[in-house]
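# Make a model of this:
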Amino acid sequence: MIPCQHRRPGPGNTPQFSKVFVLAVILLFSANLLAQTPFQFPTANHYLYVPGAELKFFAPTEPDKPWTSGSFGCVRDNGQRFHEGLDIRHLQTDRRGEPTDPVMATAAGTVVYINRRPSLSNYGNYIVIRHVIQGIEIYSLYAHLSAPRPGLFVGEPVKAGEAIATMGRTSNAEVIAQWRAHVHFELNVLVNDNFASWFKIASPGERNDHGEWNGQNLNGLNDREILLQEHNPNGFNLLDFLRGQTELCRVLVRATNFPYLKRYPMLVLPNSVAQRQGIAGYEIALNYNGVAFALMPRAPSEIKSPAKYQLLSVNVPNALANPCCHLVVKRGGRWQLGNEGLRELELLTY
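The predicted structure is shown next:
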């Protein structure tokens, strides 16, 4: 495909034809992958797979900002602010310049939440769908929507690729310009079924308009990496992806019965000592966004500290490369759990 971009225009090879041809090839190739990929693109924009076309896929925060500002990770405010998802640029507009792209379910699942009051969230209008992918619960989120599909309701089953909304630029936190109209797309694990009751205790006086579907209860996976790995001809395995997360830190929690253990039992590791003696807590590996991806039960004889939460180790290069979530901080020359890290563990084990 790349050499074709350098040909002189000729009969049947105009620049417009080349653009249409490239997009057609992308769509055809993507269609052939559907049978082997658990997640589909949430819009018709598949430019992620075209080398050098990142600015056709991602919507950066400003015209002079790099495409990475619309991607996942510590990509904003010079690495100090986290962006939990992908901002996928629009392809279609109406006469007023407003986006008209359909937003589609990334996989078969069930609608669990619809926010139709954009003033209540920086996500604006947004939808959350529950999926079971290769036996694992994953929650996709679609934000800044112009409007959910008329008649769409919580509890409705949807198919992969089914239109659920129209792209927009709604938000209560910023004015999203027309040129930057996009869908904010996330793939998440759910932290705790009891988020609403925990939030009342952890944040007294603060509003929670979205119950369990508050964004704080959804820990994002790197969906850019997922989509790119799905493009690999060797296929994609979600459990391998989860288990293969880069460890930011390892912690010990004195808690033995919390919802995450039941929702993600495939992430719980065996320990013969705890099996014999009983479980007194869990040693947990977290990535820099707080996703718990390995949880090992620990026996009473294996836990030396009486602390409810104990920081066991820190991957210093990873902490320095990803400073935005502040789960661990360095104070007085020593690494400690930061306020955000303590809050994450409190929510996880509530």
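# Only C-alpha atoms from now on, for both contacts and neighbour counts.
Fine.
# Run through the residues that contact residue 124.
By C-alpha atoms under 8 Å, 6 or more residues apart in numbering, the contact set of residue 124 is 115-118, 143-145, 169-172.
# Provide a PyMOL selection command restricted to the buried entries of these.
Entered in PyMOL, the line below selects the buried ones among the contacts of residue 124, by 16 or more other C-alpha atoms under 10 Å:
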select buried, resi 115+116+118+143+144+145+169+170+171
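# Just name the closest of the contacts of residue 124 to residue 99, please.
Closest to residue 99 out of the contacts of residue 124 is residue 169 (8.3 Å), distances taken as C-alpha to C-alpha.
# Let me know whether that closest one touches residue 182 as I believe.
Yes - contact status for residue 169 versus residue 182: in contact at 6.6 Å, counting by C-alpha atoms under 8 Å.
# Could you list the single helix or strand in this structure with the lowest mean pLDDT?
helix 15-33 (a mean of 46; mean pLDDT, DSSP states H and E).
# Identify all contacting residues around whichever helix or strand comes after that one.
Heading C-terminal from helix 15-33, the first helix or strand you meet, by DSSP states H and E, is helix 54-57. Contact partners of helix 54-57, identified using C-alpha under 8 Å, 6+ apart, comprise 45-48, 67, 88-89.
# same deal with stretch 105-121?
38-42, 124-132, 140, 147-148, 153-164, 170-173, 209-210, 213.
# Can you give the domain ranges for this protein?
Domain segmentation of the chain under automatic domain parsing yields 1-33, 37-230, 245-349.
# follow-up on the earlier one: now do the shared contacts for residue 169 and residue 182.
By C-alpha under 8 Å, 6+ apart, residue 169 and residue 182 have these common neighbours: residue 144.
# circling back: show me the two of the contacts of residue 124 that sit farthest apart.
The distance between the two most remote of the contacts of residue 124 (C-alpha to C-alpha) is 14.1 Å, for 115 and 169.
# Once you drop chain neighbours, what's closest to residue 210?
Closest residue to residue 210 apart from its sequence neighbours, by C-alpha to C-alpha, 6 or more residues apart in numbering: residue 115 at 7.9 Å.
# Deepest-packed of the domains of the chain, please.
Across the domains of the chain, averaging neighbours per residue (mean count of other C-alpha atoms under 10 Å) puts domain 37-230 on top, at a mean of 19.
# any idea how far it is from the chain center?
Here domain 37-230 shows a centroid-to-chain-centroid distance of 8 Å under the convention C-alpha atoms, centre = their mean, to the nearest Å.
# Could you work out the end-to-end span of that domain for me?
Start-to-end span of domain 37-230 (C-alpha to C-alpha, to the nearest Å) is 6 Å.
# same thing with stretch 258-274?
So stretch 258-274: terminal residues 17 Å apart, C-alpha to C-alpha.
# Check stretch 99-106 too.
19 Å.
# Stretch 41-49 - what's its average pLDDT?
The average pLDDT within stretch 41-49 is 98.
# Restricting the selection to alpha carbons, write it to PDB.
Only the C-alpha atoms of stretch 41-49 are listed here, as PDB (Å, rounded to 0.1, in the frame of the first residue of the first chain):
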ATOM      1  CA  PHE A  41     -13.800  -0.500  16.600                       C
ATOM      2  CA  PRO A  42     -16.700   1.600  18.000                       C
ATOM      3  CA  THR A  43     -16.900   3.600  14.800                       C
ATOM      4  CA  ALA A  44     -16.100   3.300  11.100                       C
ATOM      5  CA  ASN A  45     -12.700   5.000  11.800                       C
ATOM      6  CA  HIS A  46     -10.000   2.300  11.500                       C
ATOM      7  CA  TYR A  47      -7.000   4.500  10.700                       C
ATOM      8  CA  LEU A  48      -5.300   3.100  13.800                       C
ATOM      9  CA  TYR A  49      -4.000   0.400  11.500                       C
END
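# can you list contacts of it?
Taking C-alpha under 8 Å, 6+ apart as the rule, stretch 41-49 contacts 26-27, 30, 53-54, 56-57, 88-91, 101-106, 161, 185, 227-228, 231.
# what ranges do the helices span in the chain?
Per DSSP state H, the chain carries helices over the ranges 15-33, 54-57, 195-202, 223-230, 238-243, 259-263, 272-277, 316-321, 339-349.
# list the helices and strands the third one packs on?
Which is helix 195-202. Contact partners of helix 195-202 among helices and strands, from 3 or more C-alpha pairs under 8 Å, 6 or more residues apart in numbering; DSSP states H and E: none.
# Contacts for that helix next, please.
Contacting residues not belonging to helix 195-202 are listed as 206, 208, 211-212, 217, 347, 350 [C-alpha under 8 Å, 6+ apart].
# Measure how it sits relative to helix 339-349, angle-wise.
For helix 195-202 against helix 339-349, the angle by axes from the mean of the first three to the mean of the last three C-alpha atoms, to 10 degrees is 140 degrees.
# just to revisit the earlier point, state the distance from the residue nearest to residue 210 to residue 123.
Noted for residue 115: a distance of 9 Å to residue 123, by C-alpha to C-alpha.
# Ok, residue 100 next?
For residue 100, the distance to residue 123 - C-alpha to C-alpha - is 18 Å.
# How about residue 203?
On the measure of C-alpha to C-alpha, residue 203 and residue 123 end up 20 Å apart.
# likewise residue 197?
For residue 197, the distance to residue 123 equals 22 Å [C-alpha to C-alpha].
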